[in-house]
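K.L.:
The sequence and its predicted three-dimensional model are supplied below.
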Amino acid sequence: MLSVGYSVLAILFSLILNHVVSTWRFNRKYKLPNVVPGWPIIGNTLDVPYPAGMWGKEMAKKYGEIRLVYLNSSRVVTDLLEKRAAIYSSRPFRPMLSDIMSAGARMVFMGYTDKWRNQRKIMHSILNGRQAEAKFVPFQNLEAKQLVYDVFVDPENYQKASQRFSNSVILSVIFGRRARKDDELLQFILGYTGVLGDFQFNPLKSPADVFTWLDKLPRPLQWWRPFGEKFCKTHVAMFQKEWDLLIDKMDKGIAKPCFAIDVLNGAAKKEFEIDNIEKIYTWTSLVEAGSDTSRIAILQTIAGAACYPEWTKKARGFLDEVCGANAERLPSLADRPKLPYITAVMKETLRWRPFLQSGVPHTLTKDDEYEGYRFPAGTEFSWNAYSIALDENEYANPLVFNPDRFMNGNLDKWAQGHWSFGAGRRICVGLNVGANNIWIAAACLLYCFNFEEDPDYPIDQLNTVWEDPTKPPFKVKITPRSEAHIALIKSEGAIALAADY
Ligand code: HEM
């Protein structure tokens, strides 16, 4: 009995000694910034609220320039995520989320691997060239016609118009087809994005993603695995239907040029190396990452117009010079060179209230030193988006929506001057599509309508994630500018309503 007691004591002693020695060694080797107090083992995992914008801003005020490691100034984001992108571009290892639920092929969760590089190269080559502009801009111009028509018909539910526009552009760009009413694929995506979000942000949902060693348990003991595998299987089957539909249209010669066709052709000609599951997940990743982002951004332009009407007068003056003061025609993306102020509106929309409020984590792949700190490989870094956007040292009067702040020599570098598209090598691969979406939506909405805040229902300007697309996120009075504008909205709307592909 005594010897059993001694053995237990000896084991405990050696565990404690091991912990003390490894902590001592870690502290000697690495030097981390001030730590926000948390719990043993899980640290701050359960403390970070969602959305984390204002929490992150408070933490930045309290703890200084570097934090998670949250990076709280453009200077440190540039120094680390941009200039040292070669080692700051991976993602946290999430066995459930990225491997089981996503077949290891959903790009946004991938580490900095050859597979990621390959998918990224394919997406970039199709989405970001001149050719891409020629292919995708017509979809955006057309959907903008329906955007203004939908807002005109149901101004109180303006959020639906923004959602339809964004979904339809992304389906057109990826699959060459418009969004249908009650679109089956979109309903399906809407159903599962909440689940994905839950697994991404709620550590209790996904123990293997917090304690990654659980991934080494024998498979029958991994109780979370069957759910993840079923999730993935259902997903692949749903996107396979979309693929079959496209092949059918290609056979009939009625398919529109789109991303999915370019991937299929590129793979057939061996320009791209990509297997069938990965093909499906490149489409998936783009549809998922490309629709809600634009939907919320457009709502933010509307909120910015209603809360700070001064700039809208200026924007309308420029729009009238180009498109006529008497509603002669709708703006189109071909007007961009003549309308730099709308480009500034697009950039200010992205800066004003970044909806990925605390950024997206980038994982360090090699030990690194920075300004006296020593970080171990595996540390996660995120730009603290809200905090930087609302910092007076970064922007004068940061709460105010003021496009003029972007009227400078960098105007045409769409990702410069804000961090809403991310940073370094992980920067949003669809940023041209996203930027054009915001541009054309802002131009057409401002040209056609006045936006007024209801003094009885002031817009909550600090809480702008607006996830629920089923109800208006804030009250706003939207009225057409004149009878001539109504006539234009109706005639352009009719063209869009008749377009069927
Ligand atoms: C207003 C529009 C958009 C915003 C604000 C936005 C923002 C972002 C951000 C912040 C990231 C993470 C960057 C990082 O980790 O550093 C990202 C990644 C990504 N975005 Fe966008 N995005 C938008 C539109 C789009 C569109 C239209 C597409 C597709 C056509 C798209 C596709 C992607 C993909 C695939 C990734 C993952 C990149 C990777 O992990 O390497 N996004 N986006």
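P.N.:
Received it, and whenever you're ready, just let me know what you need. Numbers count the residues shown, from 1 in each chain.

K.L.:
hey, let's count contacts and neighbours off CA atoms from now on
P.N.:
OK.

K.L.:
so what's Leu411 up against?
P.N.:
Contact partners of Leu411, counting by CA atoms under 8 Å, 6 or more residues apart in numbering, are Pro340, Thr343, Ala344.

K.L.:
Export those as a markdown table, with columns for neighbour count and secondary structure.
P.N.:
Formatted as a markdown table, the entries for the contacts of Leu411 read as follows, by neighbours: other CA atoms under 10 Å; DSSP: H, G, I helix; E, B strand; the rest coil:
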| residue | neighbour count | secondary structure |
| --- | --- | --- |
| Pro340 | 18 | helix |
| Thr343 | 26 | helix |
| Ala344 | 23 | helix |
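
K.L.:
For the ligand, state which of the residues you listed is nearest.
P.N.:
Closest to the ligand out of the contacts of Leu411 is Thr343 (13.1 Å), distances taken as CA to the nearest ligand atom.

K.L.:
Now do the contacts for the closest one.
P.N.:
Contacts here follow CA under 8 Å, 6+ apart; on that basis Thr343 touches Arg336, Leu411, Asp412, Trp439.

K.L.:
where's the third one relative to the ligand, distance?
P.N.:
Translated: Asp412. Noted for Asp412: a distance of 16 Å to the ligand, by CA to the nearest ligand atom, to the nearest Å.

K.L.:
Counting neighbours, what do you get for that residue?
P.N.:
Using other CA atoms under 10 Å, Asp412 is surrounded by 16 other residues.

K.L.:
got a list of what it touches?
P.N.:
Asp412 neighbours (CA under 8 Å, 6+ apart): Thr343.

K.L.:
Which secondary structure state does the closest residue to Lys477 other than its chain neighbours sit in?
P.N.:
Take Lys477 and drop its neighbours on the chain: the residue closest to it by CA to CA, 6 or more residues apart in numbering is Glu452, 5.0 Å away. Assigned state for Glu452: strand (three-state reduction, DSSP: H, G, I helix; E, B strand; the rest coil).

K.L.:
Neighbours of Glu452, how many?
P.N.:
18.

K.L.:
go on, the one 4 residues further on?
P.N.:
As a burial measure, Asp456 scores 7 neighbours (other CA under 10 Å).

K.L.:
That one - that's part of a helix, no?
P.N.:
No: counting by three-state DSSP, Asp456 is located in no helix; its state is coil.

K.L.:
rewinding a little: can you list the contacts of Thr343 in TSV and add pLDDT and secondary structure?
P.N.:
Below are the contacts of Thr343 laid out as TSV (pLDDT from 0 to 100; DSSP: H, G, I helix; E, B strand; the rest coil):
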residue	pLDDT	secondary structure
Arg336	97	helix
Leu411	98	coil
Asp412	95	coil
Trp439	98	helix
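
K.L.:
And those, which is closest to the ligand?
P.N.:
Closest to the ligand, out of all of these and judged by CA to the nearest ligand atom, is Trp439, at 9.9 Å.

K.L.:
got the contact list for that closest one?
P.N.:
By CA under 8 Å, 6+ apart, the neighbours of Trp439 are Leu333, Ile342, Thr343, Val345, Met346.

K.L.:
beta partners for the residue nearest to Lys29 when sequence neighbours are not counted?
P.N.:
Nearest residue to Lys29 in three dimensions, chain neighbours excluded: Arg374, at 7.4 Å (CA to CA, 6+ apart). Using DSSP bridges, the beta-bridge partners of Arg374 come out as Lys31, Glu369.

K.L.:
so who does Arg374 touch?
P.N.:
Arg374 makes contacts with Lys29, Tyr30, Lys31, Leu32, Asp367, Asp368, as judged by CA under 8 Å, 6+ apart.

K.L.:
Could you measure from the second one over to the ligand?
P.N.:
Separation of Tyr30 from the ligand (CA to the nearest ligand atom) stands at 25 Å.

K.L.:
what residues are up against that residue?
P.N.:
Tyr373, Arg374, Phe375, Pro376.

K.L.:
Narrow the residues you listed to just the buried residues.
P.N.:
Arg374, Phe375, Pro376 (16 or more other CA atoms under 10 Å).

K.L.:
returning to that earlier point: so which of the contacts of Leu411 would you say is closest to Arg130?
P.N.:
Thr343 (18.2 Å; CA to CA).

K.L.:
Would you pull up how far stretch 286-297 lies from the middle of the chain?
P.N.:
6 Å (CA atoms, centre = their mean, to the nearest Å).

K.L.:
One more: stretch 333-351?
P.N.:
With CA atoms, centre = their mean, you get 20 Å for stretch 333-351.

K.L.:
Of all the residues in that stretch, which ones are buried?
P.N.:
Those would be 333, 336, 339-351, for stretch 333-351 by 16+ other CA under 10 Å.

K.L.:
returning to what we had before: JSON lines please, covering the contacts of Leu411 and showing distance to the ligand and pLDDT.
P.N.:
Listed next are those as JSON lines, based on distance: CA to the nearest ligand atom, whole Å; pLDDT from 0 to 100:
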{"residue": "Pro340", "distance to the ligand": "18", "pLDDT": "98"}
{"residue": "Thr343", "distance to the ligand": "13", "pLDDT": "98"}
{"residue": "Ala344", "distance to the ligand": "14", "pLDDT": "98"}
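
K.L.:
Quick check: of those, which lies closest to Asp154?
P.N.:
Using CA to CA, the contacts of Leu411 come closest to Asp154 at Thr343, 27.1 Å.

K.L.:
Could you measure from the closest one over to Ala306?
P.N.:
19 Å (CA to CA, to the nearest Å).

K.L.:
which parts of the stretch 201-350 of the chain sit against the ligand?
P.N.:
Ser285, Leu286, Ala289, Gly290, Thr293, Ser294, Ala297 (CA under 6 Å from any ligand atom).

K.L.:
Cross those against helices and list the overlap.
P.N.:
Taking DSSP state H as the definition of helices, these contribute Ser285, Leu286, Ala289, Gly290, Thr293, Ser294, Ala297.
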